[in-house]
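> Everything below, folded, please.
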Amino acid sequence: MPEPAFASTFDLLPLRVESLRFARNGRTLLEDVGFRLEAGRITILLGPNGAGKSLLLRLLMGLIQPDSGTIEWNGEWNGEWTGHGPSSRHAALGMVLQKPVMLRRSVLANVEFALARIGMAARTRREVAQRALEQAGLLALAHQPATRLSGGETRRLAIVRAWSQQPRVLLLDEPCANLDPHSTARVEDLIRHIHSGGTRVILSTHDLGQARRLADEILFMADGRLREHAPAEIFFNRPASRQGRDFLDGRLVL
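Numbering: from 1, shown residues only. Purely as a prediction, here's the structure:
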């Protein structure tokens, strides 16, 4: 994909998270979460359902704010730049939710709409959108209604819609949840392609197989706490926490 003129030049990394806490209705959902991420890796937030992975991604994106603690992208607190529009800092960070919403338009129009929102000139939107769809294996479906896509096709469209805006960091929340193996493989291939192009990928999953296939490093979460932060090879071979060992052995994580 060509580098569009509107792409952000704001370098988000390193990401520093310190003493993060988030509670609702008297229940603590995240407690004392802290880590630092550098450039050049695929980071996977791994852990059982309810561990706090999706919540942490929303906090990193700035969709919600923590009760306490700090989230700094290259020294800038994310709460200072969560506004909308084509600002360089906001455009540098993209996110795909676990249940993405498709516009009731064509596949191509979904991508063009995203490009229009961040200020790309009309004369170049179609070309960039078509190139993005081609790299996601969706160009043949460009004029189909997006709402009629299969589950796997919908996930790829949501990812490529975010990626077409050339974020420096892309957050993916359970991108392959409930997909069949063939669709999962297509999504994982797209994630690898995005990473190889220089976009930093941070994704959540509870799928051990997917984590083994994709991860360079693991943030393992359980019960709202970060239990381990380690290179993938070390985590899978020598987990340091009881919760990590239980998870890898298929036991309930308590």
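> correct me, but Leu141 touches Asn110?
No - look at Leu141 against Asn110 with C-beta atoms under 8 Å: they stay out of range, at 10.9 Å. Yep, even glycine has a C-beta here, placed from its N, CA and C like the rest.
> if you count what's nearby, which of these two comes out ahead?
Asn110 (26 against 20; other C-beta atoms under 10 Å).
> List phi and psi for Phe35.
As for Phe35, its main-chain torsions (degrees, to the nearest 10) stand at phi -170, psi 170.
> swap in the one 3 residues further on?
The main-chain torsion angles of Glu38 are listed as degrees, to the nearest 10 and equal phi -100, psi -180.
> wait, what's in contact with it?
Leu13, Pro14 (C-beta atoms under 8 Å, 6 or more residues apart in numbering).
> Where does pLDDT dip in the chain?
Scanning the chain for pLDDT under 70 picks out the ranges 1-10, 78-91.
> where do the helices sit along the stretch 51-200 of the chain?
All helices of the stretch 51-200 of the chain, identified by DSSP state H, counting those that start in this stretch, fall at 53-61, 88-91, 107-117, 122-135, 151-163, 181-196.
> Can you tell me which of these is most buried?
helix 151-163 (a mean of 23; mean count of other C-beta atoms under 10 Å).
> Off-centre distance for that one?
12 Å (C-alpha atoms, centre = their mean, to the nearest Å).
> just so I have it, where are all the strands in the stretch 151-254 of the chain?
169-173, 200-205, 217-222, 225-231 (DSSP state E, counting those that start in this stretch).
> Now tabulate those strands in TSV and tack on mean neighbour count and distance to Trp77.
As requested, the strands of the stretch 151-254 of the chain are arranged in TSV below (neighbours: other C-beta atoms under 10 Å; distance: least, C-beta to C-beta, whole Å):
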stretch	mean neighbour count	distance to Trp77
strand 169-173	24	16
strand 200-205	23	18
strand 217-222	24	20
strand 225-231	18	20
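> Count the residues that sit near Gly34.
Residues contacting Gly34 under the criterion other C-beta under 10 Å number 13.
> so it touches Leu20, yeah?
Yes - in terms of C-beta under 8 Å, Gly34 counts as a neighbour of Leu20; the distance is 6.6 Å.
> intersection of neighbour lists for the two?
Counting by C-beta under 8 Å, 6+ apart, the shared contacts of Gly34 and Leu20 are Gly69.
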